[in-house]
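Undergrad: Here is my input, please return the structure:
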Amino acid sequence: MSFWTAFIILLLSFGDVHSAYTGEPATYLAGAGSGQLALFGGGSKVIDCSEQFLQNVLPFPGGSPVPPAQLIVGRCGLAAASSGAYILFAGGNSKLGYSASVDIYRNGSAWLPQNGVQLSLSQPRAWLQAAAGRRWVYFVGGAIPLGLSAAVDMFDTETAMMRPGPALREPRMFHSVAATTARSGGDVLWVAGGTNGAEVLSEVTVLRGGRKWSVNPTGLSAKKTRLAAATATCSDGKQLACFGGGEGIVDGGEGWECDRRGFCASRAVECFDNTGLRVFEGILSQARSRLAAVAVGPYVIFAGGRSASDGLGSTAVDVLNVCDSSAQARVSSDLVLCQGRADLAGAALGAGVVVFIGGNARGTVTDAADVFTIPGTRPVDYV
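TA: This next block holds a predicted model:
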């Protein structure tokens, strides 16, 4: 049976689909969407991403006209993002060690390169983070063999070339990134939280126009790692960089939940506008880290994660309208994943469709997939 042959889906507003499977269990995989297509690639069949690295790239929806593909090398802990017609996968941990490989698909065309020039990161690394602006796709930080990386690599969607960007102020791993567009049309890259190897950070740093890093006057409300990020677009065109969930070392407190083993996770969701102001503060239905986030217009959708209430995989899905500062409660927390899991991948398509695939389901790598539509979008049939 082909990848999505089992799908006969009628998606209704706020509809959710369970019992959808990729046919290949994977955790620490990556995914991104462009137009009506999403691609999911890589991952591992073991929960710590140490072996059994996966190489396949799978399209959603099934039957999409994507040439059959595998990543250059099987790997997990990679990053993916899309901008314009491009979907990119970069970095990761492989049987050869940390990878500098970059796989590029031009939507509606073919896998690159077609001219024999293979692009790569400036530094092999895993657990890096990715975000896409209007022109550039950014790959930020991560782990290297002897420590953490401060490297930033930038893919130019106008020339289909990669170049190193300004290095981070300090190395980071388990951080989160988002990109917005300034009124001038330039990119604004946001990096929040994570660890520098010595401490957990609350600092938010900003790269404007690809030139120089600065520390945002307002940071996260707490020091945390393994949070999720997405970029919301409001009806007036304003974009917000949003960060939610995460874990840290705290003794409970507002917005935090801890289990008996001392694992503490956050419920906080914080969004910043291009002036650097924190313009939205909300809460998740459940405190958790290692969750996934995607955005559809003004809505940011947070799914899954490691729950602080029991330390296991969460089924929670939260939908927040972060552009409405008067509605700082969730739009909906009634949706649930078909299987509680952390370390899953998510992607958004056109017409408000979001997909979450794979993950660590309480110590078992899963092939579960969930599809949802978001309010105010038109229902779609996928076969």
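Undergrad: Residue 305: how many residues sit nearby?
TA: Counted with other Cβ atoms under 10 Å, residues neighbouring residue 305 total 34. C-beta here means a position set from N, CA and C on the backbone, and glycine is covered the same way.
Undergrad: what's the answer for residue 97, then?
TA: For residue 97, the neighbour count with other Cβ under 10 Å is 11.
Undergrad: Show the model's pLDDT score for it.
TA: pLDDT, residue 97: 97.
Undergrad: My read is that it contacts residue 124, right?
TA: Yes. Taking Cβ atoms under 8 Å as the definition, residue 97 is a contact partner of residue 124 at 6.9 Å.
Undergrad: Quickly list what's touching both of those two.
TA: residue 145 (Cβ atoms under 8 Å, 6 or more residues apart in numbering).
Undergrad: Next one: residue 113 from residue 59, what distance?
TA: According to Cβ to Cβ, to the nearest Å, residue 113 and residue 59 sit 20 Å apart.
Undergrad: meant to ask about residue 314, not that
TA: 27 Å.
Undergrad: what do you get for residue 292?
TA: 18 Å.
Undergrad: Do you have the strands of the stretch 1-150 of the chain handy? List them.
TA: 9-11, 16-21, 30-34, 37-41, 57-60, 79-83, 86-90, 93-94, 97-98, 102-106, 111-112, 129-132, 136-144, 147-156 (DSSP state E, counting those that start in this stretch).
Undergrad: Show me what the last one is packed against.
TA: If contacts are counted by 3 or more Cβ pairs under 8 Å, 6 or more residues apart in numbering; DSSP states H and E, strand 147-156 sits against strand 86-90, strand 136-144, strand 161-164.
Undergrad: What's the first helix or strand after the shortest one?
TA: What that stands for is strand 161-164. Per DSSP states H and E, the first helix or strand lying C-terminal to strand 161-164 is strand 176-181.
Undergrad: now the angle between strand 79-83 and that next one, please.
TA: 10 degrees (axes from the mean of the first three to the mean of the last three Cα atoms, to 10 degrees).
Undergrad: Direction included, what does the helix or strand that strand 176-181 is followed by pair against?
TA: Using DSSP H and E, the helix or strand that follows strand 176-181 in sequence is strand 187-192. Paired neighbours of strand 187-192 in the sheet (DSSP bridges): strand 176-181 (antiparallel), strand 204-208 (antiparallel).
Undergrad: could you dump these to CSV with distance to residue 340?
TA: Shown next, in CSV, are the strands paired with strand 187-192 (distance: least, Cβ to Cβ, whole Å):
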stretch, distance to residue 340
strand 176-181, 21
strand 204-208, 30
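Undergrad: Let's have the ones you listed in TSV, adding mean neighbour count and mean pLDDT.
TA: As requested, those are arranged in TSV below (neighbours: other Cβ atoms under 10 Å; pLDDT from 0 to 100):
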stretch	mean neighbour count	mean pLDDT
strand 176-181	25	97
strand 204-208	21	97
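Undergrad: Could you list the low-pLDDT ranges of the protein?
TA: By pLDDT under 70, the low-scoring segments of the chain are 1-23, 62-65, 68, 114-116, 251-253, 326-333, 376-383.
Undergrad: For residue 344, find the nearest of the strands paired with strand 187-192.
TA: strand 176-181 (14.9 Å; Cβ to Cβ).
Undergrad: excluding its backbone neighbours, what's nearest residue 314?
TA: residue 307 (4.2 Å; Cβ to Cβ, 6 or more residues apart in numbering).
Undergrad: so what's that neighbour up against?
TA: By Cβ under 8 Å, 6+ apart, the residues touching residue 307 are 265, 286-288, 313-314, 316, 340.
Undergrad: Between those residues, which sits nearest residue 242?
TA: Among those, and counting by Cβ to Cβ, the member closest to residue 242 is residue 288, at 15.7 Å.
Undergrad: residues contacting the closest one?
TA: 245, 265, 304-308, 314, 316, 342.
Undergrad: now swap in residue 190 and tell me
TA: So residue 190 contacts 131, 177-180, 204-206, 216, 229, 241, 272 (Cβ under 8 Å, 6+ apart).
Undergrad: which two in those are spaced the farthest apart?
TA: Farthest-apart pair in those is 131 and 216; separation 15.3 Å (Cβ to Cβ).
Undergrad: Those two: who's more crowded?
TA: Taking other Cβ under 10 Å, residue 131 and residue 216 do not tie; residue 131 has more neighbours (25 against 19).
Undergrad: from memory that one sits against residue 228, does it?
TA: No. The criterion here is Cβ under 8 Å, and residue 131 misses it with residue 228 at 11.9 Å.
Undergrad: Surely residue 312 touches residue 304?
TA: No. Residue 312 is beyond contact range of residue 304, at 11.0 Å (criterion: Cβ under 8 Å).
Undergrad: Neighbour count: the two, which is higher?
TA: Taking other Cβ under 10 Å, residue 312 and residue 304 do not tie; residue 304 has more neighbours (34 against 15).
Undergrad: From residue 133, how far off is that one?
TA: Using Cβ to Cβ, residue 304 is found at 26 Å from residue 133.
Undergrad: before we move on, the earlier item: got a quick PyMOL command for the buried subset of the contacts of residue 288?
TA: Applying 16 or more other Cβ atoms under 10 Å to these, the buried members can be selected in PyMOL as follows:
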select buried, resi 245+265+304+305+306+307+308+314+316+342
